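Engineer: Any chance you can model this:
(chains A and B)
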Amino acid sequence: MRKICLSVAGIFLTLFSSFAQSAPKDSSQYKSRKLSFEEANLVTSYYKQDGNNSSVTGGTGTEKLSDYSAAFDIKLNKWDKENRKHTLDVEVGIDHYTSASSDNVDPNSISGASHADTRIYPSVNWSMENEAKGTTLGGGISFSSEFDYQSVGANISFSKKTANRNGEFTAKAQAYFDKVSLIYPVELRVGGGGSGGDDEENKYPGTPRNSFNGTLSYSQIMNQRLQIKLIADVIHQNGYLGLPFHRVYFNNNSVAVENLPDTRLKIPLGLRANYFLGDKAVIRSFYRFYTDDWGLTAHTLQLESSIKVSPFLSITPFYRYYTQSAVDYFAPIRTHKLTDQYYTSNYDLSKFNSNFYGAGFRVSPPKGIFGIQRLSMLELRYGHYTRTNGLKSDIISLSLKYK
Amino acid sequence: MKKTHQQPVNIRMTVAAVAAVVLVSSCTTVKEYQKNKLNDSEMTLSARKVEKTEMSFQTYREGASGANGGKTGGGCGCN
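Structural biologist: Model (predicted):
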């Protein structure tokens, strides 16, 4: 997979270096009626984690996992006869992970040191901006596929700027229709559900999970240096909301698959505020309050400062603090009672705090990255994550923009 | 018992609402030619492209998600 990521980066550079001598068009002078190239982006990351609370083995055991990911998107635009800007954004992403705990779903069927899977997720989004009216209408579809999970999504959105163009209201609706393959732990397979039938459908029957999300947001320019954005989501999920390979060990040592309610209502409320400090620093902040009907309440605070070392180079240290309460149905290994209606030992739903910190740098030289004029920006970012229940992870990401 | 539990939440909500109204009403109109700092690429009111995978792993490793412009469903990545 590392080779795939490097290959994707190589193709990206090769493809666009062939256009390196052509200067970008001045869009303020000419508005193309034909679909024309606006920009392309490549984001690639490597993530690794380790901990000792794997849900596959009932809340104990290794959580070692590594993930390589790459996402490439290309934006095209055109203006119609009514001077409205149409933008088409086509994206394709790929993740490849290896997970030590996945071996323990069926330890007898895996011969390697760890189990691996690949997820592919293409999406297409379109928007139409009417500059005169200050409105933007958008819509899109998405798809995601991995061995035991498929997802189809759609979204629509509408934005309207205020008369003085200092504020903007946005409404967005998203829906995802997912299918979870029922791959149970080996000792709990009776009949279907990974019982080893000959055809795939009988081997791993699927069950639906649907997510519906409504978002309202409002952004406002406060003065020449400060702007804020308020975001409110309402998310309703229904269907199979647990995972079939998560074990729960009861206080009498018997074992079952985690059982969670088949509906969940989530309400996150967010506030972003960005402030330009002096001439060389931008303070970016984000706060989120979250609550849901499984009993989980969380607070997130992220602060980062982009310091402009030169007009073409900025350094961005960041810090994120997160705290959550446990869902009502969580308990550690061998503490759930057989009489409990719902039960899980998934530590992602337990009470914990986390800290995430690191730094990034961003270069956008006037002559382009690696001398390729239209390869206008490179950003590299590293972060270290720790959770109070012992999980640790590291992530490094690279972003390239071709414009 | 229920009343005493709800009261602090109501007070916090009221304070937050009043603060939001005061904050928004205190803003000044900024003309297009005065927006050079606001139009800086670092001032974008959304997560940056390079944060894409960070937001994904936080969604999987934490119980809360949403209100950050990221995905709120679709795909698993749950191992």
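Engineer: what ranges do the helices span in chain B?
Structural biologist: B:2-25, B:52-61 (DSSP state H).
Engineer: On the strand side of things, show who A:Ala70 bridges to.
Structural biologist: For A:Ala70, the beta-bridge partners under DSSP bridges are A:Thr44, A:Ile94.
Engineer: Tell me which helix or strand in the chain has the weakest average pLDDT.
Structural biologist: Unless you meant another one, I'm taking chain A. Least confident helix or strand of chain A, by mean pLDDT, DSSP states H and E, is helix A:2-17 with a mean of 50.
Engineer: By mean pLDDT, show me the worst of the helices of chain B.
Structural biologist: Across those, the stretch with the lowest average pLDDT is helix B:2-25; it has a mean of 65.
Engineer: three-state assignment of the residue in chain A positioned nearest to chain B?
Structural biologist: The minimum distance from chain A to chain B, using CB to the nearest CB, falls at A:Ser211 (2.8 Å). Bear in mind the C-beta positions are built from the backbone N, C-alpha and C, glycine included. Of the three states, A:Ser211 takes strand according to DSSP: H, G, I helix; E, B strand; the rest coil.
Engineer: Give me the neighbour count for it.
Structural biologist: Residues near A:Ser211, counting by other CB atoms under 10 Å in any protein chain shown, number 23.
Engineer: How about A:Asp95?
Structural biologist: By the criterion of other CB under 10 Å, A:Asp95 has 23 neighbours.
Engineer: mind checking pLDDT for it?
Structural biologist: For A:Asp95, pLDDT reads 92.
Engineer: Surely it and A:Leu65 touch.
Structural biologist: No: applying CB atoms under 8 Å, one finds A:Asp95 not in contact with A:Leu65, separated by 11.3 Å.
Engineer: Let me see the contact set for the residue of chain A positioned farthest from its centre.
Structural biologist: The C-alpha centroid of chain A is most remote from A:Asn252, which lies 38.5 Å away (CA atoms, centre = their mean). A:Asn252 makes contacts with A:Leu338, as judged by CB atoms under 8 Å, 6 or more residues apart in numbering or on different chains.
Engineer: what do you get for the one 4 residues further on?
Structural biologist: Neighbouring residues of A:Ala256 by CB under 8 Å, 6+ apart: A:188, A:247-248, A:250, A:343.
Engineer: Mind picking the lowest-pLDDT entry from these?
Structural biologist: A:Leu188 (86).
Engineer: ok, for that residue, nearest residue in space, not its chain neighbours?
Structural biologist: Closest residue to A:Leu188 apart from its sequence neighbours, by CB to CB, 6 or more residues apart in numbering or on different chains: A:Val257 at 6.0 Å.
Engineer: same question, A:Ile235
Structural biologist: Spatially, and ignoring its direct neighbours in sequence, A:Ile235 is nearest to A:Lys266 (4.1 Å; CB to CB, 6+ apart).
Engineer: Then B:Thr29?
Structural biologist: A:Asn164 (5.0 Å).
Engineer: Show me what from the stretch 251-400 of chain A comes close to chain B.
Structural biologist: Residues of the stretch 251-400 of chain A that fall close to chain B, judged by CB under 8 Å from any CB of the partner chain: A:266, A:268-270, A:272, A:274, A:276, A:282, A:284, A:286, A:288, A:290, A:292, A:296, A:298, A:300, A:306, A:314, A:322, A:324, A:327, A:348-349, A:354, A:356, A:360, A:379-381, A:383, A:385, A:387, A:391, A:393, A:395, A:397-399.
Engineer: Now do the same contact list for the closest residue to A:Val92 other than its chain neighbours.
Structural biologist: Of all residues not flanking A:Val92 in the chain, A:Pro122 sits nearest, at 4.5 Å (CB to CB, 6+ apart). Applying CB under 8 Å, 6+ apart to A:Pro122 gives the contacts A:90-93, A:142-143.
Engineer: again, but for A:Lys34
Structural biologist: Here A:Lys34 is in contact with A:Lys78 (CB under 8 Å, 6+ apart).
Engineer: for the stretch 51-200 of chain A, what spans make up the helices?
Structural biologist: Per DSSP state H, counting those that start in this stretch, the stretch 51-200 of chain A carries helices over the ranges A:200-203.
Engineer: Please list the residues of it that sit near chain B.
Structural biologist: Near chain B, when you scan the stretch 51-200 of chain A using CB under 8 Å from any CB, you find A:56, A:65, A:67, A:69, A:71, A:95, A:97, A:99, A:101-102, A:117, A:119, A:121, A:142, A:144, A:146, A:148-149, A:151-153, A:164-166, A:174, A:176, A:178, A:180.
Engineer: thinking A:Tyr287 is in contact with A:Leu303, fair?
Structural biologist: No: contact between A:Tyr287 and A:Leu303 fails when scored by CB under 8 Å: they sit 9.5 Å apart.
Engineer: doesn't B:Lys31 make contact with A:Arg165?
Structural biologist: No: using CB under 8 Å, A:Arg165 is not in contact with B:Lys31, being 9.0 Å away.
Engineer: between those two, who's got more neighbours?
Structural biologist: A:Arg165 (15 against 10).
Engineer: What are the neighbouring residues in contact with A:Gly360?
Structural biologist: Residues near A:Gly360 by CB under 8 Å, 6+ apart: A:315-316, A:318, A:379-382, B:50.
Engineer: any chance of the residues you listed in CSV, with secondary structure too?
Structural biologist: Compiled in CSV, the contacts of A:Gly360 are given as follows (three-state DSSP):
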residue, secondary structure
A:Ile315, strand
A:Thr316, strand
A:Phe318, strand
A:Glu379, strand
A:Leu380, strand
A:Arg381, strand
A:Tyr382, strand
B:Val50, helix
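Engineer: C-alpha coordinates for stretch A:394-403, PDB please?
Structural biologist: This file holds the C-alpha atoms of stretch A:394-403, laid out as PDB (Å, rounded to 0.1, in the frame of the first residue of the first chain):
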ATOM      1  CA  ASP A 394       0.400   9.000  15.300                       C
ATOM      2  CA  ILE A 395      -0.600  10.500  12.000                       C
ATOM      3  CA  ILE A 396       1.300  12.200   9.300                       C
ATOM      4  CA  SER A 397      -0.400  13.800   6.300                       C
ATOM      5  CA  LEU A 398       0.800  15.400   3.100                       C
ATOM      6  CA  SER A 399      -1.400  17.700   1.000                       C
ATOM      7  CA  LEU A 400      -0.600  19.000  -2.500                       C
ATOM      8  CA  LYS A 401      -2.500  21.500  -4.600                       C
ATOM      9  CA  TYR A 402      -2.300  21.900  -8.300                       C
ATOM     10  CA  LYS A 403      -3.900  25.100  -9.600                       C
END
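Engineer: Mind pulling the model confidence for the residue nearest to A:Val92?
Structural biologist: 95.
Engineer: And for A:Arg209, the neighbour number?
Structural biologist: Count around A:Arg209 with other CB under 10 Å applied: 22.
Engineer: cool, and A:Val190?
Structural biologist: Residues near A:Val190, counting by other CB under 10 Å: 8.
Engineer: hang on, the earlier thing: go ahead and build a PyMOL selection from the buried members of the contacts of A:Pro122.
Structural biologist: In PyMOL, this line selects whichever of the contacts of A:Pro122 come out buried by 16 or more other CB atoms under 10 Å in any protein chain shown:
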select buried, chain A and resi 90+91+92+93+142+143
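Engineer: Give me the pLDDT value at A:Glu379.
Structural biologist: 97.
Engineer: Tell me if I'm right that it and A:Ile369 touch.
Structural biologist: No: the pair A:Glu379 / A:Ile369 is not scored as a contact, 10.4 Å apart, by CB under 8 Å.
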